[in-house]
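S.K.: quick one, what's the 3D model for this:
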Amino acid sequence: MIVQLSQLEIGYRGRVTNLLSEGLSRRRILDLGIVPGTVITAIRKSPLGDPIAYKIKEAVIALRKEESSKILVQVIDK
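M.R.: From the prediction side, this is the model:
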């Protein structure tokens with residue numbers, strides 16, 4: 001099932017399938033190592049639900065829903 005990264009449940013992993021952002025926003029996402037094929041794990045949400053912390057390769061990165069909703073992932077497993 002393909003969902004927006006912002007919809008990935010905590011504890012689940014997803015493989016990036018597509019990036020919907022453009023320009024500087026897309027460049028920033030690519031610079032963080034988020035490219036098609038990358039496996040991302042949703043780790044935890046902030047108390048208000050935004051941003052969400054994700055494990056990307058060996059780093060933990062927090063992304064706001066505005067950014068993470070433009071990243072499509074295929075849900076792998078928990």
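S.K.: mind pulling up the pLDDT for Leu32?
M.R.: Listed pLDDT for Leu32 reads 88.
S.K.: ok, now which ones touch it?
M.R.: Contacts of Leu32 were listed using CB atoms under 8 Å, 6 or more residues apart in numbering, and they are 56, 61. For the C-beta atoms, the positions are set from N, CA and C on the backbone; glycine is no exception.
S.K.: ok, the closest residue in space to Tyr12 that isn't next to it in sequence - contacts?
M.R.: Leaving aside its sequence neighbours, Tyr12 sits nearest to Lys78 (CB to CB, 6 or more residues apart in numbering; 5.3 Å). By CB under 8 Å, 6+ apart, the contact list for Lys78 reads 9, 11-13.
S.K.: now list the buried members of those.
M.R.: Using 16 or more other CB atoms under 10 Å as the burial test, the contacts of Lys78 include 12-13 as buried.
S.K.: mind checking which of the contacts of Lys78 land in helices?
M.R.: Among the contacts of Lys78, no residue falls in helices (DSSP state H).
S.K.: name the residues that touch the helix ranked longest in the chain?
M.R.: Criterion DSSP H: the longest helix present in the chain is helix 23-31. By CB under 8 Å, 6+ apart, the surrounding residues in contact with helix 23-31 are 19, 21, 67, 70-71.
S.K.: of those residues, which is the nearest to Ala42?
M.R.: Ile71 (11.6 Å; CB to CB).
S.K.: quick one on the thing from earlier: ok, of the contacts of helix 23-31, which one's closest to Ile2?
M.R.: Lowest distance from Ile2 to the contacts of helix 23-31 (CB to CB) belongs to Ile71, with 10.9 Å.
S.K.: beta partners for the closest one?
M.R.: Beta bridges link Ile71 to Leu19 when assigned by DSSP bridges.
S.K.: if I look at it, how far off is Arg13?
M.R.: 14 Å (CB to CB, to the nearest Å).
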